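Asks: Prediction below, plus the sequence it came from.
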Amino acid sequence: MAATQIVNNEISTGQDLYRSIWYMGGLLKIHADGTDTNGQFSLIEAYSTPGMEPPMHVHQNEDELFYVLEGELTAFCGTRAIRATRGDSVFLPRCVPHTFRIDSETARALILVTPSGFENYFREIGRPAEQATLPPSPIIPDLEHIMRTANKYGVNFTDR
């Protein structure tokens, strides 16, 4: 894996953008995926703005840990609301409904997903980033495609 540097909210690896994805209104950089970790985990850096957060959902296969690098967010896990700012971590276990809300102008977080595999959902829904910045406009795939792809990866959206 190449070393990664963050400079002025842009992600640079010294390589091209082959692991960067524009997903909805954000930029995802996959630092490590299942091929790098023998399926043990994936590590994703997410840079986003408010309004493009996922609805409440349940992962059947993965646990997630968010480590906030910049900005503020509130994670909703089961019946709990957990406020997180720079340097805070939030654990979102599988089989528990969860989501998050970005409470600052932008937020950047590392997301550890274990085991790996869910990074491929982002690859299927998003598109390769053309530059290491937020997309010029939100990329909104059709809802049926999102639901079908999420279900394929063991994720169900819920109303609670």
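Replies: Cool, got the structure. Residues are numbered from 1 along each chain as shown.

Asks: any weak-confidence spans in the protein?
Replies: 1-16, 160 (pLDDT under 70).

Asks: cutoff 90 now
Replies: For the chain, the stretches with pLDDT under 90 are 1-18, 24-25, 51-52, 136-143, 158-160.

Asks: can you map out the strands along the chain?
Replies: 5-7, 10-12, 20-23, 26-32, 42-48, 57-59, 63-70, 72-77, 80-85, 89-92, 98-102, 107-114, 127-128, 155-157 (DSSP state E).

Asks: List the buried residues for the fourth one?
Replies: Across strand 26-32, burial judged by 16 or more other CB atoms under 10 Å covers 26-32. Backbone N, C-alpha and C define where each C-beta goes, glycine included.

Asks: any idea which of those is closest to S137?
Replies: G26 (12.1 Å; CB to CB).

Asks: So what sits opposite that closest one in the bridge?
Replies: Y23 (DSSP bridges).

Asks: ok, it - contacts?
Replies: Counting by CB atoms under 8 Å, 6 or more residues apart in numbering, G26 touches 46-49, 52, 134-135.

Asks: can you count the residues close to the nearest residue to T149 once chain neighbours are set aside?
Replies: Once flanking residues are discounted, T149 sits nearest to E124: 5.1 Å by CB to CB, 6 or more residues apart in numbering. E124 has 16 neighbouring residues, counting by other CB atoms under 10 Å.

Asks: cool, and D103?
Replies: Count around D103 with other CB under 10 Å applied: 14.

Asks: Excluding chain neighbours, what is closest to it?
Replies: The shortest distance from D103 to any non-neighbouring residue, by CB to CB, 6+ apart, is to E72 (4.3 Å).

Asks: check contacts around the residue nearest the centre of the chain.
Replies: A centroid search over the chain (CA atoms, centre = their mean) returns A46, at 5.2 Å, as the residue closest to the centre. Listed by CB under 8 Å, 6+ apart, the contact set of A46 reads 26-28, 107-111.

Asks: Go again with 10 Å.
Replies: Contacts for A46 (CB atoms under 10 Å, 6 or more residues apart in numbering) come out as 21, 23, 26-29, 66, 69, 100, 102, 107-111, 122.
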